[in-house]
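S.K.: Below is the sequence, then the predicted model.
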Amino acid sequence: MFLFKRGSIYHLEYIDIDENRKKRISTKCRNKKDVLEFLSNFKNRISNQSKLRFISLYKFADEYQEYVEANFSKPYSLMVEVSFGLLKKHFGDIPLNKFPFQELEKFFSETYQRTKQGARTYLIALKSAFNKAILWNYIEKNPFQRIKLPKIPKNNPLFIQETELDDLLNLEEDELLKSIYLFAFNTGLRLGEIINLKWNAINFSDKIICVQNTIDFTTKGKQERKIPMNEAAFNLLVKRLPQIVDIRNDSFVFSYNDVQLNADFISKRFKKIIRKSKLNQDLHFHDLRHSFASNLVKKGVSIFVIKELLGHQDVKTTQIYSHLTIDTLQNAVNQLGISI
């Protein structure tokens, strides 16, 4: 490590241990006092960096994926895998502490152009992963903390009225899928929760559905909850009981001969009947869950009660339905139309 001058500016030459090669940087200093202060700070920074454990992107991705699979849900694990896959494709197997910020911005800019929501999802996943890398002593700073994406305008959730659901059910030929659509509409359960629901999680006496974590399935946020059944959901399950050939406590409520259903298959079938209908073509299966919440709000049910039914950890998530409350109040006020 030594100093040299170029014109009136001091420069520093040193050995980069990680890359095993000489490097030169400008101190941007003109007098010796400032140069010595720069040199002292630089040596401290190099010393701190030398304490970090070296790891490549590929190796860290494998290590972090193993951690996620052991501690989080399958959907989150898949999202992390996809995020790292895109990152590895763009950057290759670079040292984890050598991410060029300008290239990182370019990566997210290109990703945002393709998929706005996807870019935000990948950023959240990777930011979290690199925070863990700091705790694991691989890096000193998280390069993803400085990445800023444009805000996506939030649209109100789409939902289906009961009469519209009837029209959709008439378009579906498969009786099992009809039952699943109706069940989602009346319980607000996520698709993953429905296809993993087993008979031992149904309490017919108290009309309660227990959304549970099992060996094969983890709820979002690992939160278990109990959902009271309305008459429609209760009667639907009662009617399904005689159709089960081998009634075992651990058999699936919705299945073809106890073979677990595929979520993508159900989502695509639902989208298929949406295309046949006259409803909003942007509707997806998850909007049946929105419909459950939205219809409760329209009937005056508290946002805090709906939060518990949906299994949201924060009421802010549930407040996407609050616009319906305002609409309902406005309709009520409009009925008092005294004019002079």
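M.R.: Right, received. Where do you want to start?

S.K.: just the strands in this structure please.
M.R.: Counting by DSSP state E, the chain has strands at residues 2-6, 9-16, 21-26, 202-203, 208-211, 225-228, 255-256, 259-260.

S.K.: most packed of the ones you listed?
M.R.: Mean neighbour count (mean count of other Cβ atoms under 10 Å) peaks for strand 208-211 among the strands of the chain, with a mean of 18. Every residue, glycine included, has its C-beta placed from N, CA and C.

S.K.: Report the mean confidence score over that one.
M.R.: Here strand 208-211 scores 92 as its mean pLDDT.

S.K.: So what are the sheet partners of that strand and their directions?
M.R.: In the sheet, strand 208-211 lines up against strand 202-203 (antiparallel), strand 225-228 (antiparallel) (DSSP bridges).

S.K.: Could you export the strands of the chain as JSON lines, including distance to Ala119?
M.R.: Shown next, in JSON lines, are the strands of the chain (distance: least, Cβ to Cβ, whole Å):
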{"stretch": "strand 2-6", "distance to Ala119": "41"}
{"stretch": "strand 9-16", "distance to Ala119": "32"}
{"stretch": "strand 21-26", "distance to Ala119": "32"}
{"stretch": "strand 202-203", "distance to Ala119": "40"}
{"stretch": "strand 208-211", "distance to Ala119": "31"}
{"stretch": "strand 225-228", "distance to Ala119": "31"}
{"stretch": "strand 255-256", "distance to Ala119": "36"}
{"stretch": "strand 259-260", "distance to Ala119": "32"}
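
S.K.: wait, which of the strands paired with strand 208-211 is closest to Glu308?
M.R.: Closest to Glu308 of the strands paired with strand 208-211 is strand 225-228 (Cβ to Cβ; 7.0 Å).

S.K.: could I get the strands paired with strand 208-211 as a markdown table with distance to Glu193 and mean pLDDT?
M.R.: Formatted as a markdown table, these follow (distance: least, Cβ to Cβ, whole Å; pLDDT from 0 to 100):
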| stretch | distance to Glu193 | mean pLDDT |
| --- | --- | --- |
| strand 202-203 | 13 | 92 |
| strand 225-228 | 9 | 90 |
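
S.K.: out of these, which comes closest to Pro95?
M.R.: Between these, strand 225-228 lies closest to Pro95; by Cβ to Cβ that is 43.5 Å.

S.K.: Next one: Gln223, what pLDDT does it get?
M.R.: 80.

S.K.: separation between the closest residue to it other than its chain neighbours and Phe204?
M.R.: Excluding its sequence neighbours, the residue lying closest to Gln223 (Cβ to Cβ, 6 or more residues apart in numbering) is Gly311, at 5.3 Å. Distance of Gly311 to Phe204, computed by Cβ to Cβ, to the nearest Å: 22 Å.

S.K.: where does the residue nearest to Gln223 fall, phi/psi-wise?
M.R.: For Gly311, the backbone dihedrals (degrees, to the nearest 10) come out as phi 80, psi 30.

S.K.: on that earlier part again, distance to Gln281 added to the strands paired with strand 208-211, as CSV?
M.R.: Shown next, in CSV, are the strands paired with strand 208-211 (distance: least, Cβ to Cβ, whole Å):
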stretch, distance to Gln281
strand 202-203, 35
strand 225-228, 30
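
S.K.: nearest to Phe91, of the ones you listed?
M.R.: That would be strand 225-228 among these, by Cβ to Cβ, at 40.2 Å.

S.K.: Alpha carbons only: can I get the closest one in PDB?
M.R.: Output of strand 225-228 as PDB, limited to C-alpha atoms (Å, rounded to 0.1, in the frame of the first residue of the first chain):
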ATOM      1  CA  ARG A 225     -56.700 -19.800  12.900                       C
ATOM      2  CA  LYS A 226     -60.300 -21.000  13.300                       C
ATOM      3  CA  ILE A 227     -63.000 -20.000  10.900                       C
ATOM      4  CA  PRO A 228     -66.700 -20.300  11.800                       C
END
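
S.K.: rewinding a little: tell me which of Gly311 and Phe204 has more neighbours.
M.R.: Between Gly311 and Phe204, Gly311 has the larger neighbour count (other Cβ atoms under 10 Å), namely 19 against 12.
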